[in-house]
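[1] Predicted model and sequence below, questions to follow.
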Amino acid sequence: MVNPILLIIVPLGTAFLISLTASFLKNSTKYLALLAMIANVWVSIKLLPAVMQHPINVVIAGVKPPLGINLFVGPLGAVFSILISAAGLLILLYSFKYIEGDSQHKYYTLFLLLITGSHGMILTGDVFNLFVFFEILAISSYILVGYEGKRNGLEAAVKYLILGSIGSILILVAVALIYQEAGTLNMADLADKFGMIDPSKRLMILVFFITGMGVEAAVFPLNSWLPDAHSSAPSSISAMLSGFVIEVALIIIVKFVYSIFAMTEILGFLSLVAVITLLVGEFAAYKQSNIKRVLAYSSIGQIGLILFAMSLNSTDGLNAGLMQIINHTASKSILFLVAGFLIVRTGSYQISDYRGIAKKMPVSAFFFVVGVLSLLGVPPFFGFFSKLSVVMAALHTGSVFNTVMVFLVLLGTIIESIYFLRIIQIMYNREGDVGSVKEAPFLPLLAIAAFTVVILAGFLVLPQITGYTGSVASEIVRKMQMAQVF
């Protein structure tokens with residue numbers, strides 16, 4: 001059996017190795033990063049079938065929980081590990097032709113630290129190490145947003161740092177309160193003991209934890225950092241932030257609310273916050289003329305949709321939310337990665353400057369259209385099945401509140417359709433002329449094509465995908481029911 005700790009040790013160790021060898025390997029350090037990501041994909045794939053049979057618990061340093069540190073890999077950890085590893089590998093390949101200059105080793109070091117933090121948050125079995133891995137993820141994200149050294153990027157990174165630091169403090173306070181009240185930081189042990197804590201203290205812990213993690217998850221009104229960060233960061237990093245970083249933070253919130261805190265009474269409130277997040281994101285995206293700000297606000301809207309599905313207090317809702325995460329990871333990665341070379345080739349972030357660009361960059365334009373159609377939920381793309389699952393899960397609850405929320409979700413989808421179709425119309429305008437613009441290089445297009453295959457062919461393996469996401473949803477609900485017994 002493959003040890004899941006490799007998902008953390010390999011990228012972390014390679015990040016330090018790149019730092020040590022950068023002086024003589026120079027820009028060849030990217031190949032070390034490539035080997036690390038290939039290894040992570042292999043480990044993730046090997047883990048999935050084993051975990052579906054029986055969860056894996058890895059004890060660190062031989063000291064068993066609740067006193068020791070452990071990694072726990074259930075269906076949730078296995079599915080997200082594949083998502084992080086596969087998306088990370090493709091974005092890394094894209095970066096080979098996108099990231100230039102003598103400081104590439106810094107980029108790849110931080111890239112691997114971001115991967116380390118993402119895996120660690122999903123796999124750790126104790127709350128304090130969740131905070132540690134959260135900090136690894138957050139700090140590497142702050143620096144990568146300002147990687148290009150431009151004024152806008154540095155300002156966005158500082159804004160992200162300030163808001164993120166507030167979030168970190170709130171999470172740390174929640175961790176301290178958990179230890180003070182429950183006497184444990186092990187998640188399984190905490191799930192048994194959390195119900196014994198005074199209700200007012202439980203609520204305080206919940207508010208601090210969700211608010212702190214909600215900053216990274218870009219939930220309204222804690223998401224003001226995201227549009228500036230996405231529009232200023234390298235497009236490869238925007239794809240990572242939107243593709244799985246904010247989703248990791250969101251799934252941690254869901255995991256704690258359902259499985260550890262077992263305080264499902266707040267799900268109605270989270271559902272309302274989710275729909276507000278969706279509408280704010282979509283209406284803000286509609287007003288933008290900068291391609292990356294459109295995609296950034298669109299990501300806020302999509303996070304709202306995912307949170308809405310996962311707040312339905314049902315296995316179907318959790319399953320639909322997980323399917324939507326997969327769709328968003330693939331679709332939004334395509335859009336950000338295509339946008340990266342639209343900007344490189346034209347020298348402009350303004351959508352109006354892409355008039356007629358499909359004539360010069362037909363492959364990129366095609367991929368952009370596919371990403372948009374899946375994000376909108378047009379059949380037969382994978383996004384159709386994920387978005388339909390969200391709507392059906394909400395309607396199956398029989399709640400008038402959820403039915404009203406569905407109409408608001410559909411309103412958001414209409415707004416999303418208007419601004420994305422407007423972009424496509426500009427790109428395919430026959431009268432436009434963008435000059436001597438070249439198509440994106442082969443390797444980035446290959447990486448984008450791999451994401452495209454997921455949403456084009458996803459419906460062909462839909463039973464297998466829903467089988468895995470259904471196992472994750474069942475795991476979360478089962479742990480919630482166990483926690484409520486105590």
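    Arrived safely. Numbers count the residues shown, from 1 in each chain.

[2] Tell me who's in contact with residue 442.
    With C-beta atoms under 8 Å, 6 or more residues apart in numbering as the criterion, no residue contacts residue 442. C-beta here means a position set from N, CA and C on the backbone, and glycine is covered the same way.

[3] same question but for residue 179, I mixed them up
    Applying C-beta under 8 Å, 6+ apart, the residues near residue 179 are 128, 185.

[4] And it, how far from residue 189?
    Here residue 179 is placed at a distance of 11 Å from residue 189 (C-beta to C-beta, to the nearest Å).

[5] Excluding chain neighbours, give the residue nearest to residue 256 in space.
    residue 209 (6.3 Å; C-beta to C-beta, 6 or more residues apart in numbering).

[6] what's the answer for residue 362, then?
    Nearest residue to residue 362 in three dimensions, chain neighbours excluded: residue 439, at 7.3 Å (C-beta to C-beta, 6+ apart).

[7] And what about that neighbour, helix, strand or coil?
    Of the three states, residue 439 takes coil under DSSP: H, G, I helix; E, B strand; the rest coil.

[8] now swap in the one 5 residues further on and tell me
    Remark: residue 444 carries the secondary structure label helix [criterion: three-state DSSP].

[9] secondary structure element for the residue nearest to it when sequence neighbours are not counted?
    Leaving aside its chain neighbours, residue 444 sits nearest to residue 94 (4.5 Å; criterion: C-beta to C-beta, 6+ apart). Element membership for residue 94 (DSSP states H and E) is helix 75-98.

[10] Let me know the average pLDDT across that helix.
    What helix 75-98 shows for mean pLDDT is 90.

[11] C-terminal to that helix, what's the next element?
    Note on helix 75-98: by DSSP H and E, the next helix or strand toward the C-terminus is helix 104-123.

[12] Output that following helix as PDB - backbone C-alpha positions only.
    In PDB, the C-alpha atoms belonging to helix 104-123 read as follows (Å, rounded to 0.1, in the frame of the first residue of the first chain):
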ATOM      1  CA  GLN A 104      11.700  30.600 -11.900                       C
ATOM      2  CA  HIS A 105      13.100  28.500  -9.100                       C
ATOM      3  CA  LYS A 106      11.200  30.800  -6.600                       C
ATOM      4  CA  TYR A 107       8.000  30.300  -8.500                       C
ATOM      5  CA  TYR A 108       8.400  26.500  -8.500                       C
ATOM      6  CA  THR A 109       9.400  26.400  -4.800                       C
ATOM      7  CA  LEU A 110       6.300  28.300  -3.900                       C
ATOM      8  CA  PHE A 111       4.100  26.300  -6.300                       C
ATOM      9  CA  LEU A 112       5.100  23.100  -4.500                       C
ATOM     10  CA  LEU A 113       4.500  24.600  -1.100                       C
ATOM     11  CA  LEU A 114       1.000  25.600  -2.200                       C
ATOM     12  CA  ILE A 115       0.500  22.000  -3.200                       C
ATOM     13  CA  THR A 116       1.900  20.800   0.100                       C
ATOM     14  CA  GLY A 117      -0.500  23.000   2.100                       C
ATOM     15  CA  SER A 118      -3.500  21.900   0.000                       C
ATOM     16  CA  HIS A 119      -2.800  18.200   0.500                       C
ATOM     17  CA  GLY A 120      -2.000  18.700   4.200                       C
ATOM     18  CA  MET A 121      -5.300  20.500   4.900                       C
ATOM     19  CA  ILE A 122      -7.300  17.700   3.300                       C
ATOM     20  CA  LEU A 123      -5.400  14.800   4.900                       C
END
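
[13] to the chain's geometric centre, what's the distance from stretch 285-292?
    Stretch 285-292 sits 21 Å away from the centroid of its parent chain (C-alpha atoms, centre = their mean, to the nearest Å).

[14] tell me the contacts of the most centrally placed residue in the chain?
    The centroid of the chain falls nearest to residue 244 when counting by C-alpha atoms, centre = their mean (2.0 Å). Going by C-beta under 8 Å, 6+ apart, residue 244 touches 80, 83, 84, 87, 88, 118, 329.

[15] For the nearest residue to the first one once chain neighbours are set aside, grab the count of nearby residues.
    Beyond its immediate neighbours in the sequence, the residue positioned closest to residue 80 (C-beta to C-beta, 6+ apart) is residue 122, lying 4.6 Å away. A count of neighbours around residue 122, defined by other C-beta atoms under 10 Å, yields 27.

[16] counting contacts, what elements does whichever strand or helix holds residue 188 pack onto?
    Using DSSP H and E, the element containing residue 188 is helix 187-193. For helix 187-193, the packing partners by 3 or more C-beta pairs under 8 Å, 6 or more residues apart in numbering; DSSP states H and E come out as helix 151-182, helix 462-485.
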